[in-house]
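[1] sequence and predicted structure are below.
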Amino acid sequence: MSGAGLAVEDYDWDALTIKGTCQQIEKPYLRLTSAPDPATVRLEDVLEKALCMVETSEKNYLYKCDQLKSIRQDLTVQRIQSELTVKVYETHARLAIQSGDLAEYNQLCVGFF
């Protein structure tokens, strides 16, 4: 699979599903340029903690947006479609609307459906 320059949404995840092992709660979003290393992908229970951290954080919108993108990416690469996935998208959409970031909101709508 050639991954150069592809967005996470453009990968053929049916051909590759990984299980993360990363325990780091806070992790910056990095656009994937190749298949992710499981050591850099967080497990679902860690992602729940990461979402809670974002929801209670006093940091600015750009920080929260970056963290939520990173959480969404980890959910996507592991093909996790659960209640947590819905919560992450809802939280990110609400935050984008509150911050007036309609471009991010539109991206969320396209990615979720």
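    Nice, I can see it.
[2] tell me which stretches of this structure form helices.
    Listed in chain order, the helices of the chain (DSSP state H) span 44-56, 61-77, 83-98, 102-112.
[3] which one of those helices has the lowest average pLDDT?
    Mean pLDDT is lowest for helix 102-112 out of the helices of the chain, coming in at a mean of 88.
[4] still on that earlier bit, now the helices of the chain as JSON lines including distance to Glu9 and mean neighbour count?
    For every residue, glycine as well, the C-beta is placed using N, CA and C. Below are these laid out as JSON lines (distance: least, Cβ to Cβ, whole Å; neighbours: other Cβ atoms under 10 Å):
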{"stretch": "helix 44-56", "distance to Glu9": "18", "mean neighbour count": "16"}
{"stretch": "helix 61-77", "distance to Glu9": "7", "mean neighbour count": "20"}
{"stretch": "helix 83-98", "distance to Glu9": "13", "mean neighbour count": "16"}
{"stretch": "helix 102-112", "distance to Glu9": "6", "mean neighbour count": "14"}
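[5] quick one: closest of the ones you listed to Tyr29.
    Across the helices of the chain, Tyr29 has its closest neighbour in helix 61-77 (4.0 Å, Cβ to Cβ).
[6] just give me how far that closest one sits from the chain centre.
    Computed by Cα atoms, centre = their mean, to the nearest Å, the chain-centroid distance of helix 61-77 equals 4 Å.
[7] okay, angle between it and helix 102-112 too, please.
    10 degrees (axes from the mean of the first three to the mean of the last three Cα atoms, to 10 degrees).
[8] not counting helix 61-77 itself, show me its contacts.
    For helix 61-77, contacts defined as Cβ atoms under 8 Å, 6 or more residues apart in numbering pick out 8-9, 11, 13, 18, 20, 26-30, 32, 36, 41-42, 44, 47, 50-51, 53-54, 57, 81, 84-85, 88-89, 91-92, 95-96, 99, 101, 104, 111.
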